[in-house]
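Visitor: Structure here, sequence nowhere to be found:
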Ligand SMILES: [Zn+2]
């Protein structure tokens, strides 16, 4: 059962077990950001919170972020994510969002920042007026999935650096897993950890996840689950 938490008059987070999704309301439109893992009724939940027309933006298309997508005929997603989306049975029309694109909700402008690495078409969303960065799964203090297909640690590190180019523009980071919110200095720590993994200097342990052996790198600030080397 999803838990709805009101952050302020125009902003909600919906906790769906291990994952969350968000509702950002402007004066003319509301944006649902992701649709959770077990929340086929994500759109209905949003309709219960606002009378505004609701659009959907996906940060990426891993299965824990798209469970309620089928209630939308069309939605915003980076085109590089289409393979991941369709492979997980995703339907509907993708309206492409690219670096620098802006979606205006009415007195609330959302700017798209491409952050490939966790998945090829992951995006962050900068809510300029409210100084919030929505980071999807890329910046978070839980366990970051970097094993299996379509992950790219080098791109992941580049994307974290890219987010730092905007660092004067956000005070809080809203991620889809882990603590809520997290602070921008987490980005530096994640760059350090990911770089250690990339260089082979980080110490990992084997854990079994979904019947698969993966390598778990546990840092004080977050964990990374990677393919076994
Ligand atoms: Zn996720």
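Guide: Structure received. The structure presented is a predicted model; accordingly, all values stated were derived computationally and were not measured. Numbers count the residues shown, from 1 in each chain.
Visitor: Please tell me I have it right and residue 224 contacts residue 193.
Guide: Yes - counting by C-beta atoms under 8 Å, residue 224 touches residue 193, with 6.5 Å between them. Every residue, glycine included, has its C-beta placed from N, CA and C.
Visitor: With adjacent residues omitted, what lies nearest to residue 72?
Guide: Excluding its sequence neighbours, the residue lying closest to residue 72 (C-beta to C-beta, 6 or more residues apart in numbering) is residue 56, at 4.7 Å.
Visitor: where exactly do the helices run in the protein?
Guide: Shown for the chain, the helices assigned by DSSP state H span residues 42-47, 82-87, 153-164, 186-199.
Visitor: shared neighbours, residue 224 and residue 193?
Guide: residue 217 (C-beta atoms under 8 Å, 6 or more residues apart in numbering).
Visitor: Those two: which is more packed in?
Guide: Remark: of residue 224 and residue 193, residue 224 carries more neighbours, 24 against 21, as counted by other C-beta atoms under 10 Å.
Visitor: what pLDDT does that one get?
Guide: Looking at residue 224, its pLDDT reads 98.
Visitor: just to revisit the earlier point, now for the helices of the chain, which one comes closest to the ion?
Guide: helix 82-87 (11.7 Å; C-beta to the ion).
Visitor: near the ion, which residues of the protein show up?
Guide: 62, 64, 137 (C-beta under 5 Å from the ion).
Visitor: Of those - the most surrounded one?
Guide: residue 137 (26 neighbours).
Visitor: wouldn't it be in contact with residue 122 here?
Guide: Yes - here residue 137 reaches residue 122: they are 7.2 Å apart, a contact under C-beta under 8 Å.
Visitor: what do these two both touch?
Guide: With C-beta under 8 Å, 6+ apart as the test, residue 137 and residue 122 both reach 59, 60.
Visitor: Make JSON lines from the residues of the chain next to the ion and add pLDDT to it.
Guide: Converted to JSON lines, these look like this (pLDDT from 0 to 100):
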{"residue": "62", "pLDDT": "97"}
{"residue": "64", "pLDDT": "97"}
{"residue": "137", "pLDDT": "98"}
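Visitor: a markdown table for those, including distance to residue 16?
Guide: Output for these, formatted as a markdown table (distance: C-beta to C-beta, whole Å):
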| residue | distance to residue 16 |
| --- | --- |
| 62 | 13 |
| 64 | 8 |
| 137 | 14 |
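Visitor: List the beta-bridge partners for the most centrally placed residue in the chain.
Guide: Most central in the chain under C-alpha atoms, centre = their mean is residue 136, positioned 1.2 Å from the mean C-alpha point. With DSSP bridges as the criterion, residue 136 is bridged to residue 175.
Visitor: Residue 206 and residue 212: what is the separation?
Guide: Using C-beta to C-beta, to the nearest Å, residue 206 is found at 10 Å from residue 212.
Visitor: So for those two, which residue has more residues nearby?
Guide: For residue 206 versus residue 212, the count of surrounding residues by other C-beta under 10 Å is larger for residue 212: 12 against 9.
Visitor: Tell me how many other residues surround the closest residue to the more buried one other than its chain neighbours.
Guide: Counting by C-beta to C-beta, 6+ apart, residue 212 lies nearest to residue 147, which is 7.5 Å off, once chain neighbours are set aside. If you count neighbours by other C-beta under 10 Å, residue 147 ends up with 18.
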